[in-house]
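> what's the 3D shape of this:
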Amino acid sequence: MKKSNMLIFIIIISSLMFSACTMSASTPPPITPTTNLSEIARQATETAIAKTPKTGETTVPEATQEGEPGITSTVSDMEEPTSTPEPTDDATSDTEPVTYAVPDSYTIHKGEFVYCLARRFDINPVDIINYNGLESGAILYPGNTIQIPSNSRPYLGDRALQYHPTEYTVIPGDTLYSISCLFGDVDPRAIAAANDLDVDQALTSGTVLQIP
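Next up, the predicted model:
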């Protein structure tokens with residue numbers, strides 16, 4: 001009887017020890033997190049909805065820092081365009097060529113001849129010779145007066161003998177009339193006007209004249 005009681009006691013002690021071991025090895029009680037995933041998602045959604053502007057609401061842009069250039073400038077800040085100066089009459093007056101009327105008669109000066117007058121007045125030299133009853137190759141002398149035909153044919157060929165406008169240096173024996181004949185289609189009065197001279201004024205050798 002005592003052996004059986006002892007056996008039962010051992011079995012009971014063993015059972016208690018076995019149950020204690022089972023409980024310690026079992027899964028520990030779950031730790032409840034302070035915030036689960038669903039709660040985090042809910043809070044993020046509410047924050048996004050709160051920051052989204054409602055219909056009709058506009059967001060005010062942040063003010064730029066002082067001294068920072070703006071995107072647009074006012075009309076008062078823009079510089080006024082400078083006006084282009086209008087050309088004056090003085091800029092064009094000198095470029096207009098001066099023309100002189102063809103006289104009905106002409107008195108010959110030193111250095112002049114029929115072809116010289118023909119180029120100057122744009123007249124056919126043959127018409128001048130025939131109109132004055134001269135022979136071909138006739139020599140004219142200073143002081144001779146010839147008649148200039150009014151309905152003459154124009155000069156044939158190039159009337160200009162030298163390029164102009166240019167400068168010319170006077171040599172001994174030159175007159176404005178003889179210089180005019182050297183250039184062909186330049187009137188001696190035009191040379192006198194360009195150099196502020198009298199058309200019959202005596203010239204000094206070495207003087208530089210402007211030929212218009």
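> So in this protein, where's the weakest helix or strand by average pLDDT?
Here the helix or strand of the chain ranked lowest by mean pLDDT, DSSP states H and E is helix 90-93, holding a mean of 40.
> ok, and what's touching stretch 99-111?
117, 121-123, 140-148, 150, 174-175, 177-178, 181, 187, 189-190 (CB atoms under 8 Å, 6 or more residues apart in numbering). To be clear about C-beta, it is placed using only N, CA and C from the backbone, and glycine gets the same treatment.
> Between its first and last residues, how far does it reach?
22 Å (CA to CA, to the nearest Å).
> Flag every buried residue along it.
By neighbour count with 16 or more other CB atoms under 10 Å, stretch 99-111 contains the buried residues Tyr106, Ile108, His109, Gly111.
> any idea which of those residues is the one closest to Leu156?
Closest approach between the buried residues of stretch 99-111 and Leu156, by CB to CB: Tyr106, at 20.3 Å.
> who does the helix or strand that closest one falls within pair up with?
Assigned by DSSP states H and E, Tyr106 belongs to strand 105-107. The pairing partners recorded for strand 105-107 under DSSP bridges are strand 145-147 (antiparallel).
> Can I get the helix or strand just after the partner strand in PDB, CA atoms only?
Once the chain leaves strand 145-147, the next helix or strand it forms, by DSSP H and E, is strand 166-169. Taking Å, rounded to 0.1, in the frame of the first residue of the first chain, the C-alpha atoms of strand 166-169 are listed here in PDB:
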ATOM      1  CA  THR A 166      38.100 114.700-106.500                       C
ATOM      2  CA  GLU A 167      41.000 117.100-105.800                       C
ATOM      3  CA  TYR A 168      43.100 119.000-108.300                       C
ATOM      4  CA  THR A 169      46.400 120.800-107.700                       C
END
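> what lines up beside strand 166-169 in the sheet?
In the sheet, strand 166-169 lines up with strand 208-211 (antiparallel) (DSSP bridges).
> hmm, who's touching the partner strand?
Strand 208-211 has contacts (CB under 8 Å, 6+ apart) with 164-170, 179, 183, 186, 191, 194-195, 203.
> Mind picking the lowest-pLDDT entry from the buried residues of stretch 99-111?
Across the buried residues of stretch 99-111, the smallest pLDDT goes to Gly111, namely 93.
> on that earlier part again, next, format the buried residues of stretch 99-111 as a markdown table and append distance to Arg159.
Formatted as a markdown table, those follow (distance: CB to CB, whole Å):
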| residue | distance to Arg159 |
| --- | --- |
| Tyr106 | 17 |
| Ile108 | 19 |
| His109 | 19 |
| Gly111 | 17 |
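> Just name the closest of those to Glu135, please.
Of the buried residues of stretch 99-111, the one sitting nearest to Glu135 (CB to CB) turns out to be Ile108, at 16.0 Å.
> pLDDT value on Pro29, please?
pLDDT, Pro29: 48.
> go on, Ile146?
On pLDDT, Ile146 comes in at 97.
> Please apply the same query to the one 5 residues further on.
pLDDT recorded at Asn151 is 89.
> What count of nearby residues applies to it?
6 (other CB atoms under 10 Å).
> What ranges does this structure have for its helices?
With helices called from DSSP state H, the chain shows them at 2-25, 37-51, 90-93, 114-121, 125-131, 176-183, 188-194.
> Least confident of the ones you listed, on average?
If you rank the helices of the chain by mean pLDDT, helix 90-93 sits at the bottom with a mean of 40.
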